[in-house]
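Novice: got a predicted model here, sequence first, then my questions.
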Amino acid sequence: MTNQADTDRFEQQRQEKLAQIEAMGIDPYGSRYDDVEPAAAAKARYRDDDESQRARCAGRIVLLRDIGKLIFITLRDRTGTIQVGLSKSLLTAQWPLAKLLDIGDIIGAAGKLGKTKTGEITIWVEDGGLTFLSKCLFQPPEKFHGLADIDQRYRQRYVDLWANPEVLERFQKRSTIVAAIRRFLTARGFLEVETPMMQTIAGGAAAKPFITHHNALDLDLYLRISPELFLKRLLVGGLERVFEINRNFRNEGLSRHHNPEFTMMELYQAYGDYRAMMDLTEEIVGACIETLGLNTKVQFGDAQIDFARPWRRARYADLLQEHSGCAVDDLPALRAKARALSIDDAGMDDAVLVNEVFETTVERNLTAPTFVIDYPAVLCPLAKRSRTDPRYAERFELFVVGMELANAYTELNDPAVQYENFLHQLRGQEESLTKMDTDYVTALKYAMPPAGGLGIGIDRLVMVLTGATTIRDVILFPLLKPVTPENK
RNA sequence: GGGAGUGUAGCUCAGGAGGUAGAGCAACGCACUUUUAAUGCGUAGGUCCUGGGUUCGAAUCCCAGCACUCUCACCA
């Protein structure tokens, strides 16, 4: 698609300007530039009645209007934009440098802070106040429409971030959300920890793992699919409240809701249970909404989501009945339903089949925040069974706009039951569950306090709170097929 | 993997009932000291994704492939 000869045509012109800048004795790649004020702050403090105001900002030239002996520049930094005015009479010796500026270049601008005739707050750069900081050698995207080619936006995120300001804003919000969660949990006495990303047994979930190899030990290792079993070992160790915000890796397909590496916040709270986790989830998400300065009503595509508490809590069996018309224990009806939905049920366990029907009929309809509670116990080998009805596990999954956003259990702390569940899992299971984590069972034998555990998918939470309908819009560098010479 | 769509200038996009193509922005030149996507005049810029076929002639029609998007399937 990109014609090399043409790319060179534009780059050539900019190379020539770079050479002219060098000929002036100026380093076209700049150096340390101190005392920079954010553009937004400079604009915010401006006062009409003060002639002595000055400002010093730095950023990228995103617009440039050359009116002969006067040039107006829109300078963008991480906080926004500010106009820079370059006038021949003010700049004097630096005027030739001003005439060499291109859109995309990075400059520093210092001078009087004032207004133009039309009322735009402007830094009127004085001689010596123009600092060349870095030359952009490529033609930037179209100034009004920005970068629209979706593939190129992800591949060249470094361009996307400044060509499309809403992209930068969304990633700033992501950072704000993660910081809010850390602050909230830390204030509650949770300790942030880091557990292994490379594990000899990929436990804590059922997913296909990525495999890597440690040379010195000649040992295959798995990138973790979950930190769960390590965090619960810490409960045994007496860290009664722990959390980790980090990447999980699952070797599965890509979609609007799935990236092979994704960020999970997982926490464990001794002496809690899954109901405590529901309250905590509402509070955590509430803290994020508050920090972002949002109303509880959030727009997502065509849907409006209302996060006002409390959120709906509905039993798995009831939702199944409501959306599929089948009772959770009516297997003939569920088999029939599965066939009607063209689910391939050959060789499928009953519980797995029920869950297939659940996923196809129920999940996509859960738009408003909904805690699905009381899952069939066989689907939850790490969760404690209900004392009142052992067919069910004390587990919830939180759904919003049809997406699983969180998952929580009352944690199973009985080593004998855990051992049995592991054994049961091993029969006919996929690769992630072929090895038993016997050390985890040993840990439970040393006594793990009863506890609640919660995982929140950070990427999906950011999607919901920023209105991003694809996970790739909340991951800076999503996984893409590499560009090869053959497919270019 | 199935289905649908898209691929044209650096960027954003038109167009093309078969006769080798256009706009805006960006670039280059000229003019302009208060612009706001500055403006006006001029110039330059294209393997119309790739390969094959039909045809006197293909960017357009046909076939195959590649890439991307959406969607379905897969995914505790």
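Specialist: Yep, it's here.
Novice: now do the closest residue to A:Leu101 other than its chain neighbours against A:Glu194, distance only.
Specialist: Nearest in space to A:Leu101, with sequence neighbours left out and distances taken as Cβ to Cβ, 6 or more residues apart in numbering, is A:Ile61 at 6.2 Å. From N, CA and C alone the C-beta is placed, and that goes for glycine too. According to Cβ to Cβ, to the nearest Å, A:Ile61 stands 41 Å off from A:Glu194.
Novice: looking at the two, which is more packed in?
Specialist: A:Ile61 (20 against 10; other Cβ atoms under 10 Å).
Novice: pretty sure the more buried one contacts A:Ile71?
Specialist: No - if you go by Cβ atoms under 8 Å, A:Ile61 and A:Ile71 don't touch, sitting 10.0 Å apart.
Novice: what's the overlap in contacts for these two?
Specialist: A:Leu101 (Cβ atoms under 8 Å, 6 or more residues apart in numbering).
Novice: tell me where the model's unsure across chain A.
Specialist: A:1-7, A:344-348, A:426-434, A:484-488 (pLDDT under 70).
Novice: any idea how far A:Val125 is from the residue in it sticking out farthest from the centre?
Specialist: Distance from the C-alpha centroid of chain A peaks at A:Ser89, with 48.5 Å (Cα atoms, centre = their mean). A:Ser89 sits 12 Å away from A:Val125, going by Cβ to Cβ.
Novice: where does the residue nearest to A:Leu101 sit: helix, strand or coil?
Specialist: Following DSSP: H, G, I helix; E, B strand; the rest coil, the label given to A:Ile61 is strand.
Novice: who's it bridged to?
Specialist: A:Leu75 (DSSP bridges).
Novice: for it, what are its contacts?
Specialist: If you count contacts by Cβ under 8 Å, 6+ apart, then A:Ile61 has A:73-75, A:101-107 around it.
Novice: so A:Trp95 is in which element?
Specialist: Counting by DSSP states H and E, the element that carries A:Trp95 is helix A:95-98.
Novice: strand partners of whichever helix or strand comes after that helix, parallel vs antiparallel please.
Specialist: Next helix or strand after helix A:95-98 toward the C-terminus (DSSP H and E): strand A:106-115. Here strand A:106-115 has these sheet partners by DSSP bridges: strand A:54-66 (antiparallel), strand A:121-134 (antiparallel).
Novice: present those as a markdown table; the columns should include distance to A:Arg364.
Specialist: A markdown table is the format used below for these (distance: least, Cβ to Cβ, whole Å):
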| stretch | distance to A:Arg364 |
| --- | --- |
| strand A:54-66 | 40 |
| strand A:121-134 | 48 |
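Novice: how about those strands, which one is nearest A:Tyr440?
Specialist: The closest of these to A:Tyr440 is strand A:54-66. By Cβ to Cβ, the value is 51.0 Å.
Novice: where does A:Leu280 fall, phi/psi-wise?
Specialist: phi -60, psi -40 (degrees, to the nearest 10).
Novice: one step back: so the residue farthest from the centre of chain A, which of the three states?
Specialist: helix.
Novice: so how far is A:Leu113 from the closest residue to it other than its chain neighbours?
Specialist: Leaving aside its sequence neighbours, A:Ser89 sits nearest to A:Lys69 (Cβ to Cβ, 6+ apart; 7.4 Å). With distances taken as Cβ to Cβ, A:Lys69 is found 21 Å from A:Leu113.
Novice: pop out the phi and psi values for the closest residue to A:Ala205 other than its chain neighbours.
Specialist: Excluding the flanking residues, the one nearest A:Ala205 by Cβ to Cβ, 6+ apart is A:Ser226, at 4.1 Å. Main-chain dihedrals, A:Ser226, degrees, to the nearest 10: phi -170, psi 150.
Novice: show me what contacts A:Ser226?
Specialist: Counting by Cβ under 8 Å, 6+ apart, A:Ser226 has contacts A:203-205, A:207, A:248, A:264, A:266, A:455.
Novice: please repeat the previous calculation with a cut-off of 6 Å.
Specialist: A:204-205, A:248 (Cβ atoms under 6 Å, 6 or more residues apart in numbering).
Novice: quick one: closest of the strands paired with strand A:106-115 to RNA strand B.
Specialist: strand A:54-66 (3.8 Å; Cβ to the nearest atom of the strand).
Novice: list the buried residues of the closest one.
Specialist: For strand A:54-66, burial by neighbour count (16 or more other Cβ atoms under 10 Å) applies to A:55-62, A:64.
Novice: just the CA trace of that strand, in CSV.
Specialist: Taking Å, rounded to 0.1, in the frame of the first residue of the first chain, the C-alpha atoms of strand A:54-66 are listed here in CSV:
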residue,chain,number,x,y,z
ARG,A,54,4.4,34.8,30.5
ALA,A,55,4.3,31.1,29.6
ARG,A,56,6.6,28.4,28.5
CYS,A,57,5.1,25.3,26.9
ALA,A,58,6.3,22.4,24.8
GLY,A,59,4.6,20.0,22.5
ARG,A,60,3.8,18.9,19.0
ILE,A,61,2.8,21.2,16.2
VAL,A,62,-0.6,19.8,15.1
LEU,A,63,-1.8,22.8,13.1
LEU,A,64,0.1,25.6,11.4
ARG,A,65,-1.3,28.7,9.8
ASP,A,66,1.3,30.8,7.9
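Novice: so that strand, near RNA strand B or not?
Specialist: Yes - Strand A:54-66 lies within reach of RNA strand B by Cβ under 7 Å from any atom of the strand, at A:63-66.
Novice: next one: stretch A:70-88
Specialist: Yes - using Cβ under 7 Å from any atom of the strand, we find that stretch A:70-88 touches RNA strand B at A:70, A:72, A:74, A:83, A:85, A:87-88.
Novice: please list the outside residues in contact with that stretch.
Specialist: A:38-40, A:42-43, A:57, A:59-65, A:69, A:95, A:98, A:109, A:120, A:122-125.
Novice: same thing but at 8 Å, please
Specialist: A:36, A:38-43, A:55, A:57-65, A:69, A:95, A:98-99, A:101, A:107, A:109, A:116, A:120-125, A:130, A:162, A:165, A:168, A:172.
Novice: show the end-to-end separation of it, please.
Specialist: Start and end residues of stretch A:70-88 are separated by 6 Å (Cα to Cα, to the nearest Å).
Novice: of the contacts of stretch A:70-88, just the buried ones, PyMOL syntax please.
Specialist: Paste this into PyMOL to select the buried members of these, with burial taken from 16+ other Cβ under 10 Å:
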select buried, chain A and resi 36+38+39+42+43+55+57+58+59+60+61+62+64+95+98+101+107+109+121+122+123+124+125+130+162+168
